[in-house]
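*Asks:* curious how this folds, go ahead:
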Amino acid sequence: MATNPVEFINQARAEIGKVVWPTRREVLLTTGMVLFLAALAAVFFSLVDLLIRTGLTGLLSVVGG
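*Replies:* Numbers count the residues shown, from 1 in each chain. Below you'll find the model as predicted:
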């Protein structure tokens, strides 16, 4: 189902015209939410890492001598 280049460009322009772009407020809110959740995940995984490291260090000190 090949189309000629002119028809392709016209169809692409028509599809681009259907795109609903986010407002500035929506972009700022979603960006802020992503940054907040990334920071929250970093803190969570840091705490989990600390807990596992402390547990293993304690276990190895008891078992290893």
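*Asks:* what about Leu28, how many neighbours?
*Replies:* 11 (other C-beta atoms under 10 Å). For every residue, glycine as well, the C-beta is placed using N, CA and C.
*Asks:* meant to ask about Ile52, not that
*Replies:* So Ile52, with other C-beta under 10 Å, has 10 neighbours.
*Asks:* please, which helix or strand holds it?
*Replies:* helix 24-64 (DSSP states H and E).
*Asks:* low-confidence ranges, the protein, go.
*Replies:* 1-2, 65 (pLDDT under 70).
*Asks:* quick check: the residue nearest the centre of it vs Arg24, distance?
*Replies:* Nearest residue to the geometric centre of the chain (C-alpha atoms, centre = their mean): Val34, 6.8 Å. Distance from Val34 to Arg24, counting by C-beta to C-beta, to the nearest Å: 16 Å.
*Asks:* could you do Leu40 as well?
*Replies:* In terms of C-beta to C-beta, Leu40 sits 24 Å off from Arg24.
*Asks:* again, but for Leu37
*Replies:* 21 Å.
*Asks:* do the same with Gly55
*Replies:* 47 Å.
*Asks:* could you do Asp49 as well?
*Replies:* Separation of Asp49 from Arg24 (C-beta to C-beta) stands at 37 Å.
*Asks:* who has more neighbours, these two?
*Replies:* Between Asp49 and Arg24, counted using other C-beta under 10 Å, the more crowded position is Asp49 (10 against 7).
*Asks:* give me every residue that touches the more buried one.
*Replies:* Contacts of Asp49 were listed using C-beta atoms under 8 Å, 6 or more residues apart in numbering, and none were found.
*Asks:* and it, how far from Thr31?
*Replies:* Distance from Asp49 to Thr31, by C-beta to C-beta: 27 Å.
*Asks:* cool, Leu59 as well?
*Replies:* Using C-beta to C-beta, we find Leu59 at a distance of 42 Å from Thr31.
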